[in-house]
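Trainee: Fold the following, please.
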Amino acid sequence: MVAKRAVGIVVLLQAALFATGLSAPSAAQGLIRDAEIEHTIRAYATPLLRAASLVPEDVNFHLLRSPELNAFVARGQRIFLSTGLLMRSEHPGQVIGVIAHEIGHITGGHLARLEGAISDAEDQALIGSIIGIAIGVLAGDPGAAAAGSAKAQDIALQNLLKFSRTQERSADQVAVNLLDQTQASAKGLLEFFEVLQDQELLHRSRQDSYVITHPLTRDRIAFMEDHVAKSRYSNAVIPSALKAEHDRMTAKLAGFLNPTSKTLRDYKADDPSVAARYARSIAYYRDANLKEALPLIDSLIAQMPDDPWFQELKGQMLFENARGAEALPFYQKSVDLRPNEPLLRVGLAHVLIELDGPGMIQKAEAHLKQALRRERYMPIAWRLAAITYGRNGELGLSALSLAEYNLLTGHPFDAMGQAQKAMRLLKEGEPAWLRAQDLFDTAERQHKKNRKN
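Mentor: Now for the predicted structure:
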């Protein structure tokens, strides 16, 4: 029953009934990692999380590669923000407002209540029929929706939607409280609501996911307008540092995700701003035009030599164009400037492994250990760790790392094989052997579950 309910939650959320769960990304989507953007989001969110009495390190932020305007929370205090939402935001206040709203879902315990609401719906109608209706509505296909529209199912669906509207209103209240506590303006969240309101005039098939998953009522907009009119922080000035980080974030996303021609149109050659040069350098690099890309990133490094993200980008440009020896000092400096950023250490380790000079594998292994000590859920780090252990002759740890890698990347059968190999090679009872045993048990359960489904 638990497995079936989990599937139901995913489909219902993908069908836009709720904003408080994770729906599987399509083939055109996926989670992306970027140390700089994650740092920026953390800078926005940390004051809000502390005001909400949440431990910032316990809340995970994920970037969903999607052009849609979307954000939601999932179990384990995870907040997902789409790249489309970030790129379409005009200033930090809008992103901060959305994050405050999503934190409201976490502090309101909406994820726990969601399961209760779905359980109630199951008592009123078969959940599969409700899913059918929801998918029909989302697809804009009246026939599909009408095919399963029995009265009992309609009642269940209405109750679920009502529950969601209640959650949204509650999250709005938490959001404005958090914004006031951090002396931030709620105008950004109101502006965001106004964008959603404009989208409500579009056909359902053309609306962004956020519009559908976060039911927007006139009452919610009126509440936000009233708060902005009364709050003494409505005219609070956004710190210039946050504005600069926002401009760089949107420029970086544009450079990496938009077609080169669009990026160069949006960030014109006569624009000398940091964000414009950043976007153009990335666009040219993606177009394999280092002749244009390198002078731009060099100008940024000359202007801000202690910026770790510019150092990382130049290292990436060189490394991915088979110039690893030249890339190494830039990756090293990025780590020196931000030693607690696991993604930067992983990048440096990758270069060291590829160069494979004297002592480099040992250095790579050390960087990977530090990175994984801070964040274990990085498949690329485990894959690289397997290489370093293998080259150092530590075959048991290499197999253990591959078991971690395969489990994280959704290959439980392969994870089982590597875990078994690790247990054969490692000393029974030692921590690494016990971890291999745990991985085997977890992978075996996942493999059996996959076969049943």
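
Trainee: which stretches of the stretch 351-453 of the chain have low pLDDT?
Mentor: Along the stretch 351-453 of the chain, the parts satisfying pLDDT under 70 run over 453.

Trainee: All the helices of it, residue numbers only.
Mentor: For the stretch 351-453 of the chain, the helices defined by DSSP state H, counting those that start in this stretch occupy 360-374, 379-391, 395-408, 412-425, 431-452.

Trainee: and what of the stretch 1-150 of the chain?
Mentor: 2-14, 35-51, 83-88, 92-107, 110-124, 127-138, 142-147.

Trainee: hey, least reliable of those by pLDDT?
Mentor: Of all those, the minimum mean pLDDT falls on helix 2-14 (a mean of 30).

Trainee: one step back: now the helices of the stretch 351-453 of the chain in TSV, with distance to Tyr284 and mean neighbour count?
Mentor: For glycine as for every other residue, the C-beta is placed from the backbone atoms N, C-alpha and C. Shown next, in TSV, are the helices of the stretch 351-453 of the chain (distance: least, C-beta to C-beta, whole Å; neighbours: other C-beta atoms under 10 Å):
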stretch	distance to Tyr284	mean neighbour count
helix 360-374	29	19
helix 379-391	25	21
helix 395-408	33	23
helix 412-425	39	20
helix 431-452	43	15
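
Trainee: Could you export the ones you listed as JSON lines, including distance to Leu63?
Mentor: Formatted as JSON lines, those follow (distance: least, C-beta to C-beta, whole Å):
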{"stretch": "helix 360-374", "distance to Leu63": "18"}
{"stretch": "helix 379-391", "distance to Leu63": "15"}
{"stretch": "helix 395-408", "distance to Leu63": "17"}
{"stretch": "helix 412-425", "distance to Leu63": "26"}
{"stretch": "helix 431-452", "distance to Leu63": "25"}
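
Trainee: Next, the buried residues of stretch 276-286.
Mentor: By neighbour count on 16 or more other C-beta atoms under 10 Å, the buried set for stretch 276-286 is Ala276, Arg277, Tyr278, Ala279, Arg280, Ser281, Ile282, Ala283, Tyr284, Tyr285, Arg286.

Trainee: what residues are up against the fourth one?
Mentor: To tie it back to what came earlier, the one meant is Ala279. Ala251, Lys252, Ala254, Gly255, Thr263, Asp266, Tyr267 (C-beta atoms under 8 Å, 6 or more residues apart in numbering).

Trainee: Roughly how far does it sit from Pro47?
Mentor: 28 Å (C-beta to C-beta, to the nearest Å).

Trainee: can you check the second one too?
Mentor: Between Arg277 and Pro47 the distance, using C-beta to C-beta, works out to 30 Å.

Trainee: before we move on, what about the third one?
Mentor: Tyr278 sits 26 Å away from Pro47, taking C-beta to C-beta as the criterion.

Trainee: if you skip the residues just before and after it, what's nearest to Ser281?
Mentor: Excluding its sequence neighbours, the residue lying closest to Ser281 (C-beta to C-beta, 6 or more residues apart in numbering) is Leu296, at 3.6 Å.

Trainee: Leu264 against Arg280, yeah?
Mentor: Yes. Look at Leu264 against Arg280 with C-beta atoms under 8 Å: they come within range, at 6.4 Å.

Trainee: Count the neighbours of Glu194 for me.
Mentor: 14 (other C-beta atoms under 10 Å).

Trainee: show me what contacts it?
Mentor: Ile221.

Trainee: same deal with Glu404?
Mentor: Arg376, Trp382, Ala415, Leu439.

Trainee: so what's the residue sitting nearest the centre point of the chain scoring on pLDDT?
Mentor: Per C-alpha atoms, centre = their mean, the C-alpha nearest to the average position across the chain is that of His62, at 1.7 Å. On pLDDT, His62 comes in at 90.

Trainee: Quick one: residues contacting it.
Mentor: Taking C-beta under 8 Å, 6+ apart, one finds Leu31, Arg78, Ile79, Phe80, Leu81 in contact with His62.

Trainee: make it 6 Å
Mentor: Leu31, Phe80 (C-beta atoms under 6 Å, 6 or more residues apart in numbering).

Trainee: Quick check: beta-bridge partners of it?
Mentor: Phe80 (DSSP bridges).

Trainee: What's the separation between it and Gln446?
Mentor: Distance from His62 to Gln446, by C-beta to C-beta: 21 Å.

Trainee: swap in Leu189?
Mentor: Taken as C-beta to C-beta, the span from Leu189 to Gln446 is 39 Å.

Trainee: and if you look at His91?
Mentor: 43 Å.

Trainee: State the distance from the residue lying closest to Ala175 once chain neighbours are set aside to Glu191.
Mentor: Distances taken as C-beta to C-beta, 6+ apart put Ala100 closest to Ala175, at 3.9 Å, once the chain neighbours are dropped. As judged by C-beta to C-beta, Ala100 and Glu191 stand 13 Å apart.

Trainee: between these two, who's got more neighbours?
Mentor: Each of Ala100 and Glu191 has its neighbours counted (other C-beta under 10 Å); Ala100 has more, 30 against 17.

Trainee: List the residues that contact that one.
Mentor: Leu48, Ala175, Leu178, Leu179.

Trainee: Could you check how far it is from Gln173?
Mentor: 11 Å.

Trainee: List the contacts of Ile41.
Mentor: Phe61.

Trainee: at 10 Å what do you get?
Mentor: Asp34, Phe61, His62, Leu63, Ile79, Leu81, Leu86, Val95, Ile96, Ile99, Glu245, Met249 (C-beta atoms under 10 Å, 6 or more residues apart in numbering).

Trainee: Out of those, which end up buried?
Mentor: Asp34, Phe61, His62, Leu63, Ile79, Leu81, Leu86, Val95, Ile96, Ile99, Glu245, Met249.
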